[in-house]
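Engineer: Generate a structure from the sequence data that follows.
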Amino acid sequence: MERDPFDWTDDEARRRERSGLVRTLRPRPAESGLLDLASNDYLGLTRHPAVTGAAAEAARRWGAGATGSRLVTGSTELHAELEGELAAFCGFEAALVLSSGYAANLAALTALTARDSLLLSDAGNHASIVDGCRLSRAETVVVPHAEPEAVRKTLDAHAGRRALMVSDAVFSVDGDAAPLGELAEVCRTRGAALLVDDAHGLGVLGAGGRGTPYAAGIAGANGVVATVTLSKSLGSQGGAVLGPARVVAHLVNAARTFIFDTGLAPAAVGGALASLRLLRREPERADRAREVARTLHRRLTAAGLTAVRPDAAVVSVRAPSPEAAVRWAAECRAAGLAVGCFRPPSVPDGISRIRLTARADLTDQQIGTAVDSIVALAPGDAS
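Structural biologist: The predicted structure follows:
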């Protein structure tokens, strides 16, 4: 009898079921009616009329797709406009827009290292960084989370080698910020480069939302490169690498996820550019996102739940088990509230959580409603 070569997937499905780790797609309608504390729309811009209008206008003018890779037909004047304004806003010399933040991390990590390089990666880094480290073929050392001293010791043990330290600026699981100033100083004094993934910092931290490197005083510094997404605070799609002009020029010639990928669609570019300009006009949105996060944390902990103090707009609330986290999130949804649910293997420490994203457009009443629902539906052993 002929054997189906994918029978093994049934075994994997049963294993996930036993472990409470089954993931399913849940297509949402255009208007769900849920109070949203699950998305990464930190500034509430993805449905802003100025942003959706700019996206629609860009599609009408430039077409629905980029039509090719950036080096062939996929670079429009709109792409160049966004790159210039994004770099200036964040305090860097140049920027390069890619199709996603994931692609931006892969581009930077694979093009800025080599087989003989040393790559240091924080233990709490996002999966895109982990994958970029693997693809880089450099010798990778995973260093303890947010410990500049561990970075110093590792670099000292490999003195003289070409080295790159990579870290999330704000870690997506617990919402804590990396000690970028200390990391930058350790790297500077030892001739190493620093790559910062500011996906969760842009639009929230720094003066007017200019990002975590700007807040740390290292934006535009020699040896510092940053990646960002356009899909969180800027409410659109895509990613970018920010850094010295010569680094960006190198990526154009060496980064495979830039060279061989179709360019970002004009609608996404137009939407992101409109969001960036709106943030420049309304910098208070960044302050409000942080204020909402602090309020959520204060009220949840006052109610006896264990929540990590947020450094940006992510509020992480501990759950006693993966099954409890899934049930908690499902009961919140049934009550009209969308929250994130993080379980292994998405969390490096094995601790399950529900994850809340503070949005600048949430009202005080909506915050109160969210807190009341989360507390009322919390598992009995969640405190």
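
Engineer: G91 touches A216, doesn't it?
Structural biologist: No: counting by CB atoms under 8 Å, G91 stays clear of A216, with 10.6 Å between them. Heads up, the C-betas are built off the backbone N, CA and C, glycines and all.

Engineer: more neighbours, the two?
Structural biologist: More crowded of G91 and A216, by other CB atoms under 10 Å: A216, with 23 against 19.

Engineer: in terms of contact, does the more buried one touch E182 like I think?
Structural biologist: No: applying CB under 8 Å as the test, A216 and E182 come out as separate, 9.1 Å apart.

Engineer: Now for C133: which residues touch it?
Structural biologist: Listed by CB atoms under 8 Å, 6 or more residues apart in numbering, the contact set of C133 reads L109, L119, S121, T140, V166.

Engineer: Now tabulate those residues in a markdown table and tack on pLDDT.
Structural biologist: As requested, the contacts of C133 are exported to a markdown table (pLDDT from 0 to 100):
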| residue | pLDDT |
| --- | --- |
| L109 | 98 |
| L119 | 98 |
| S121 | 98 |
| T140 | 98 |
| V166 | 98 |
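
Engineer: Name the nearest of these relative to A325.
Structural biologist: Proximity of these to A325, judged by CB to CB, is greatest for S121, which lies at 26.1 Å.

Engineer: next helix or strand past the helix or strand where that closest one lies?
Structural biologist: Assessed by DSSP states H and E, S121 sits inside strand 118-122. Next helix or strand after strand 118-122 toward the C-terminus (DSSP H and E): helix 127-136.

Engineer: Using PDB, write down the CA coordinates of that next one.
Structural biologist: Taking Å, rounded to 0.1, in the frame of the first residue of the first chain, the C-alpha atoms of helix 127-136 are listed here in PDB:
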ATOM      1  CA  ALA A 127      12.000  34.800  16.100                       C
ATOM      2  CA  SER A 128      13.000  36.900  13.100                       C
ATOM      3  CA  ILE A 129      16.300  37.700  14.800                       C
ATOM      4  CA  VAL A 130      16.800  34.000  15.700                       C
ATOM      5  CA  ASP A 131      16.200  33.000  12.100                       C
ATOM      6  CA  GLY A 132      18.500  35.700  10.800                       C
ATOM      7  CA  CYS A 133      21.300  34.500  13.100                       C
ATOM      8  CA  ARG A 134      20.900  31.000  11.800                       C
ATOM      9  CA  LEU A 135      20.900  32.100   8.200                       C
ATOM     10  CA  SER A 136      23.900  34.400   8.700                       C
END
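
Engineer: all strands of this protein, in order?
Structural biologist: Here the chain has its strands, by DSSP state E, at 35-37, 94-98, 118-122, 139-143, 163-168, 193-197, 224-229, 239-243, 314-318, 337-342, 353-357.

Engineer: just checking, what packs against the last one?
Structural biologist: Read that as strand 353-357. Applying 3 or more CB pairs under 8 Å, 6 or more residues apart in numbering; DSSP states H and E, we find strand 353-357 packed against strand 314-318, helix 322-334, strand 337-342, helix 364-377.

Engineer: ok, residues contacting that strand?
Structural biologist: Under CB under 8 Å, 6+ apart, the answer for strand 353-357 is 37-42, 173-174, 296, 313-319, 325, 328-329, 332, 339-342, 347, 370, 374.
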